[in-house]
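Engineer: When you get a sec, could you give me coordinates for this:
(one chain, ligands or ions: 1)
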Amino acid sequence: MSLFLVNRYLGEDDDKSDTKESRSQALLLKLQQKAKERQRKSLTEHRQDPPEEHAKKKTLKKKNKSGDQHLQHDKKRKLECDNLEEPVKVKKKKKGVTGNAEDKVKKNVPVTSTEGLKNSGVSGEDLQEQQEVESKDDIPKQTLDTGFTVLGGFDNKPVQKVHRVLPQWLAQPDVIHKDIKGHLVPVCKIAGLSPKLINKLHHNGIDHFFPVQAEVIPAVLESAQQGLLIGPGGYKPRDICVSAPTGSGKTLAFVIPVIQVLMQRVICEVRALAVLPTKELAQQVFKVFSTYAEGTPLRVLMLAGQKSFAAEQASLSEYRGSRRRSLADIIVATPGRLVDHIHKKSGLNLEQLRFLIIDEADRMIDSMHQAWLSQVVKATYSSGSEPEAWSIFSRSEPACITAASLSPPQMPLQKLMFSATLTQNPEKLQQLDLHQPRLFSSNHCQADGTVAAAQKADCFDFPQGLTEFYVPCTLSRKPLLILHFVLRLKLSPILCFTNSREAAHRLYLLVQLFGGVQAAEFSSRLSTAERKQTLKDFQQGKIQLLISTDAAARGIDVSGVKCVVNYDAPQYVRTYIHRVGRTARAGKSGLAFTFLLGVQEKKFLKMVMDAGSPGIQKQIVKSESLKGMEGRYERALQELAQAIKHVEAVKDGI
Ligand SMILES: Nc1ncnc2c1ncn2[C@@H]1O[C@H](COP(=O)(O)OP(=O)(O)OP(=O)(O)O)[C@@H](O)[C@H]1O
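Structural biologist: Here you go, the predicted structure:
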């Protein structure tokens, strides 16, 4: 039984309807049709009208609407009266949906037309109007055009340029002159060098120090002024980083002061450790140390896997009674072999280490994932297992500072870092855990610490005597070009770099088959002994063309290399700098050519210019220049194909 009686307006057309239900159904249908029609209209308006016109129309519509409002309102009330349930539903939905839309507008989230369509289908034109009026300013053009919701609504402000600000020590380095020849310093002018060492230098043809040596040697000597066992004023000496071009004489910049400081030692202990990335480099530095240690009590040892582990172990230390006695003052090592000796407790004692030298430091930072540095540093702290004669000066791991912990003098450990491409990335340098570092660099920064326009993160110095060229070519012409360089241009000795050992080997075979060129290859295909012999032959001028992988790109010092050819363009600028740095060494002049395919040109030239190259010139080799060699070259190619087939057949047979 009904509690209330509600008289309903049934509408003009519905008078003839029979039942309440059918009448309300008809009304609902009509309403929905109307709503759909409006949606369609509004959608076509959105698509056709430019935003301003659309906005005008809306305002007009709104004005008209306020005139019609009473009428509409009455109509609506009539409808509501016609159907008791539906209006309630509509109201609920309308409330909810409107609230939702408002929320979105408040949150700067535009309401999409699709969403509006769905919602207004239920709630009628009021909702649609409200959405349109409320959101017309907020809806981005994109939304209107695409119908997609754009999240965020952030202002598209131009991003301000960020200037790199380096830590002071990196921003204001001690400057090293780039011009070697113009800034030579007589050996005798450097204070603190013993006459014995000066004589030795003269004996080896060194009468003047290069700029990097003239800056770094006094700095290292100064840090050891008060003797081997304590730093200046009793404090730990500052670590030293050196960034100077290839061939500028960095090796002597650490060898000479280390020999000078250690010469005064009484007991033989490992006091200097030089770590280098490859066996060849270790061998080279070992040779220089040995030369200048000759005639002093100092003993130099190499741990780079040239000898067996047992042989290396035997040369490290010996036991006299129960006491261990070190047999080396200076050790030159590769990181892998060094860590092996530390792990296997082969008798390597680093507790008295005074100098830790890291050459090719940027490369060594890259190999830091092997954590070799932390293991070496750990090994320099006293293990406490074996009481040493020098234990009074032994190092203890950093801990809380107390009066007691400060009283015994701490044996200082100083790190010396060297590279032609030393990173300026403080994050990477942090891995070296440097102590109040001091930088010597031929790269200049601005006084305020910001980096000058040309000085980006990967901007380096090139040797002054270097002239760079690039040769546009195709893949098939490359072998002919290199033969042209050797046989016609007579630029030998040439050091030619490929990007893989397979490429180096193929080119070597091809050149051999072509004939008339003294060629050799240098890569990990060869044994250590073979590589050593090859370098020796090249040094002695027995090889016209040395085809190498990047195994010879870093640090290798072969005097008299006239020309470097990048047969394959290097991928990274550091690789380029080290490769071309095998010529134009020690203030001499040299040529560097890079063969470039059309697709490589733009990217490569940009990379080199960004790295601070003074300029790279285009060198075109005309086809006519190569014509005379083509027939012989074709025959060599065919022979090479047959040789490869034969090798593969032999392999399959095995
Ligand atoms: N003061 C000097 N007088 C004459 N020659 C020197 C002097 N110092 C170094 N040299 C010679 O210069 C050449 C290059 O030196 P070194 O190998 O130390 O360069 P580098 O800076 O370490 O190069 P890279 O970065 O390629 O390793 C060597 O042959 C070395 O003998």
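Engineer: and the nearest residue to Gly247 once chain neighbours are set aside, what does it touch?
Structural biologist: With Cβ to Cβ, 6 or more residues apart in numbering as the criterion, Gly247 has its nearest non-adjacent residue at 2.9 Å, and that residue is Arg585. C-betas here are computed from N, CA, C, even on glycine. By Cβ atoms under 8 Å, 6 or more residues apart in numbering, the residues touching Arg585 are Thr246, Gly247, Pro463, Asp557, Ser559, Val561.
Engineer: before we move on, what about Asp329?
Structural biologist: For Asp329, counting by Cβ under 8 Å, 6+ apart, the contacting residues are Leu262, Arg265, Cys268, Glu269, Val270, Arg271, Ala272, Ala293, Pro297, Leu298, Arg299, Val300.
Engineer: Out of those residues, which is nearest to Arg354?
Structural biologist: Comparing the contacts of Asp329 against Arg354 with Cβ to Cβ places Arg271 closest, at 4.5 Å.
Engineer: What sits closest to that closest one if chain neighbours are left out?
Structural biologist: Arg354 (4.5 Å).
Engineer: Just to check, the one you found is in contact with Leu416?
Structural biologist: No: applying Cβ atoms under 8 Å, one finds Arg354 not in contact with Leu416, separated by 10.6 Å.
Engineer: if we can go back for a sec, show the buried residues in the contacts of Asp329.
Structural biologist: Among the contacts of Asp329, those classed as buried by neighbour count (16 or more other Cβ atoms under 10 Å) are Leu262, Arg265, Cys268, Glu269, Val270, Arg271, Ala272, Ala293, Leu298, Arg299, Val300.
Engineer: from the residues you listed, which ones fall inside strands?
Structural biologist: Ala272, Val300 (DSSP state E).
Engineer: and the least confident of the buried ones among the contacts of Asp329?
Structural biologist: Lowest-confidence member of the buried ones among the contacts of Asp329: Arg265, scoring 89 (pLDDT).
Engineer: so what's the backbone phi/psi at that residue?
Structural biologist: phi -70, psi 150 (degrees, to the nearest 10).
Engineer: With Ala333 instead?
Structural biologist: Dihedral pair for Ala333: phi -140, psi 160, per degrees, to the nearest 10.
Engineer: What does the residue lying closest to it once chain neighbours are set aside show for phi and psi?
Structural biologist: Closest residue to Ala333 apart from its sequence neighbours, by Cβ to Cβ, 6+ apart: Leu303 at 4.1 Å. Backbone torsions of Leu303, given as degrees, to the nearest 10, read phi -120, psi 80.
Engineer: was I right about Leu303 contacting Glu312?
Structural biologist: Yes: Leu303 is within contact range of Glu312, at 5.4 Å (criterion: Cβ under 8 Å).
Engineer: Any idea how many residues pack against the residue of the stretch 301-450 of the chain found nearest the ligand?
Structural biologist: Closest contact between the stretch 301-450 of the chain and the ligand, by Cβ to the nearest ligand atom, is at Ala420 (4.1 Å). A count of neighbours around Ala420, defined by other Cβ atoms under 10 Å, yields 26.
Engineer: Next: Ser559.
Structural biologist: Neighbour number of Ser559 under other Cβ under 10 Å is 9.
Engineer: With Gly465 instead?
Structural biologist: 17.
Engineer: With Gly295 instead?
Structural biologist: Neighbour number of Gly295 under other Cβ under 10 Å is 13.
Engineer: Report the secondary structure state of it.
Structural biologist: Secondary structure, DSSP: H, G, I helix; E, B strand; the rest coil: Gly295 is coil.
Engineer: For the residue nearest to Arg271, grab phi and psi.
Structural biologist: Per degrees, to the nearest 10, the backbone of Arg354 is at phi -110, psi -40.
Engineer: quick one on the thing from earlier: residue contacts, the residue of the stretch 301-450 of the chain closest to the ligand?
Structural biologist: Ala420 touches Ser243, Ala244, Pro245, Thr246, Ser248, Lys250, Phe460, Asp461, Ile577, His578, Gly581, counting by Cβ under 8 Å, 6+ apart.
Engineer: about what we covered before: give me the subset of the buried ones among the contacts of Asp329 that also touch the ligand.
Structural biologist: Here nothing survives when the buried ones among the contacts of Asp329 are matched to the ligand using Cβ under 6 Å from any ligand atom.
Engineer: Can you pull the residues of the stretch 301-450 of the chain lying near the ligand?
Structural biologist: Residues of the stretch 301-450 of the chain lying near the ligand (Cβ under 6 Å from any ligand atom): Ala420.
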